[in-house]
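A.B. asks: sequence and predicted model, in that order:
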Amino acid sequence: MRTSIRLQPLQPATHYPRLAELRSAAKPEPITVEQLQEWEAQAPQGQLRRHQVAVDEQGQIIGYNDAGRDPWMPPGLFDVEVLVDPTWCRQGIGALLYQDALQFCQAQGATRLQGMLRDNCPPCLRFAEQRGFRIERHRFESTLDLDAFDERRFAGHIEAIEASGIHFFTLADLGNTKEAQRRLHSLNERINRDTPGYQSWLTFEAFQTQICGASWFRPDGQIVAADGENWIGMAAVGFFANTQSMYNMFTGVDRAYRGRGIALALKLLTIRCARAYNARYVRTHNDSENAPMLAVNRKLGYRPEPGLYRVALDLR
């Protein structure tokens, strides 16, 4: 590695444009400066975080690291991310950034590290494995082209579910009140706990800030399935103006109500919501072990995309 490469603290005002460029090249969807600013503003109280940039002799950012944990994460668990400009790979810059992140995490009492890697990037996985990380989960990404989707194939499905006693409504129908948001948060947590790959769920205060207060959040995209007064399932979609797309963050149904086609009905309602916003496509992700939801996506016509590995390292 060239000795002129140095690390320095990230400065949002001047570094975010270049950081958005680097992260967009490494992520499934592009990331904007505005999104980075939003995430920074939404940082929860009690968050531990350190992010550094690697710069060359001209001061150009050629790499980045991000290490830290949110207060609701399991004790000792820290997230780590390392990115390097592809033209600067294999020059020791990634190793320098990782070592810096590792030292920070260890100084904060970390016992376990985790990170996300693209599953179509063998050098990324090799870099992680050389440092002791192992694949823990595999997350599949998929996309539904709304121009090509024909809802007539599912005519009458939502109505049949409603005839069985299940009714659907959105957070917007409830006025997007604090009480409704709190109940939605509880539903999210309950169903998430029964989803492959679950680790933890954010507090209600963080849910209000990071979810309900996000620029992508749409109350009519928070769709609930209920049996009487009992909320038993949900689907959540958000609108991203920079790509004119919707992201289906989560769809789930209580175990006692599965196998009745409720998840498919919820997915159909997310597609209707996306079309109401003139979205070009809907994107989603699923754990590789979530076979029932993957089957629903295939039935709808979601196209597989490169996914992500969650890798972990036990420091003990």
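C.D. replies: Okay, I see it.
A.B. asks: so what's V311 up against?
C.D. replies: By Cβ atoms under 8 Å, 6 or more residues apart in numbering, the contact set of V311 is 114-117, 125, 128, 133-136. C-beta: built from backbone N, CA, C; applies to glycine.
A.B. asks: strands of the stretch 51-200 of the chain, start to end?
C.D. replies: For the stretch 51-200 of the chain, the strands defined by DSSP state E, counting those that start in this stretch occupy 61-69, 77-84, 112-118, 134-145, 166-170.
A.B. asks: ignore the last one, the stretch 201-316 of the chain
C.D. replies: Remark: strands assigned in the stretch 201-316 of the chain by DSSP E, counting those that start in this stretch are 222-227, 230-240, 245-253, 281-287, 303-314.
A.B. asks: can you list those in TSV and add distance to R153?
C.D. replies: Converted to TSV, the strands of the stretch 201-316 of the chain look like this (distance: least, Cβ to Cβ, whole Å):
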stretch	distance to R153
strand 222-227	20
strand 230-240	19
strand 245-253	18
strand 281-287	16
strand 303-314	16
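A.B. asks: per-domain residue ranges of the chain.
C.D. replies: For the chain, automatic domain parsing gives the domain ranges 6-110, 142-308.
A.B. asks: returning to that earlier point: which of the contacts of V311 count as buried?
C.D. replies: Among the contacts of V311, those buried by neighbour count (16 or more other Cβ atoms under 10 Å) are 114-117, 125, 128, 133.
A.B. asks: ok, which pair from the residues you listed is furthest apart?
C.D. replies: Farthest pair in the buried ones among the contacts of V311 (Cβ to Cβ) is Q114 and L125. Separation: 14.1 Å.
A.B. asks: got CSV for the strands of the stretch 201-316 of the chain, with mean pLDDT too?
C.D. replies: Formatted as CSV, the strands of the stretch 201-316 of the chain follow (pLDDT from 0 to 100):
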stretch, mean pLDDT
strand 222-227, 98
strand 230-240, 97
strand 245-253, 96
strand 281-287, 96
strand 303-314, 96
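A.B. asks: which of the ones you listed sits closest to G92?
C.D. replies: The closest of the strands of the stretch 201-316 of the chain to G92 is strand 303-314. By Cβ to Cβ, the value is 19.7 Å.
A.B. asks: distance from that closest one to the middle of the chain?
C.D. replies: Taking Cα atoms, centre = their mean, to the nearest Å, one finds the center of strand 303-314 at 12 Å from the center of the full chain.
A.B. asks: stretch 130-139 now?
C.D. replies: Relative to its parent chain, stretch 130-139 has a centroid offset of 18 Å by Cα atoms, centre = their mean.
A.B. asks: for that stretch, C-alpha coordinates in CSV please.
C.D. replies: Output of stretch 130-139 as CSV, limited to C-alpha atoms (Å, rounded to 0.1, in the frame of the first residue of the first chain):
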residue,chain,number,x,y,z
GLN,A,130,-9.5,-14.3,5.2
ARG,A,131,-10.3,-12.4,8.4
GLY,A,132,-12.3,-15.1,9.9
PHE,A,133,-15.9,-14.2,8.8
ARG,A,134,-18.3,-17.0,7.8
ILE,A,135,-21.5,-16.8,5.9
GLU,A,136,-24.4,-16.8,8.4
ARG,A,137,-27.4,-16.0,6.2
HIS,A,138,-28.2,-15.6,2.5
ARG,A,139,-30.7,-12.9,1.5
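A.B. asks: who's in contact with G175?
C.D. replies: Residues in contact with G175 (Cβ under 8 Å, 6+ apart): none are found.
A.B. asks: and the gap between it and Q181?
C.D. replies: G175 sits at a distance of 10 Å from Q181 (criterion: Cβ to Cβ, to the nearest Å).
A.B. asks: do A13 as well
C.D. replies: Between A13 and Q181 the computed distance is 32 Å (Cβ to Cβ).
A.B. asks: more neighbours: those two, which one.
C.D. replies: Each of A13 and Q181 has its neighbours counted (other Cβ atoms under 10 Å); Q181 has more, 19 against 7.
A.B. asks: for that one, give its distance to I158.
C.D. replies: Distance from Q181 to I158, counting by Cβ to Cβ: 25 Å.
A.B. asks: which of the buried ones among the contacts of V311 sits closest to Q8?
C.D. replies: Comparing those against Q8 with Cβ to Cβ places G115 closest, at 21.9 Å.
A.B. asks: identify the bridge partners of the closest one.
C.D. replies: With DSSP bridges as the criterion, G115 is bridged to V311.
A.B. asks: low-confidence bits of the stretch 51-200 of the chain, can you list those?
C.D. replies: In the predicted model, the stretch 51-200 of the chain carries no residue with pLDDT under 70.
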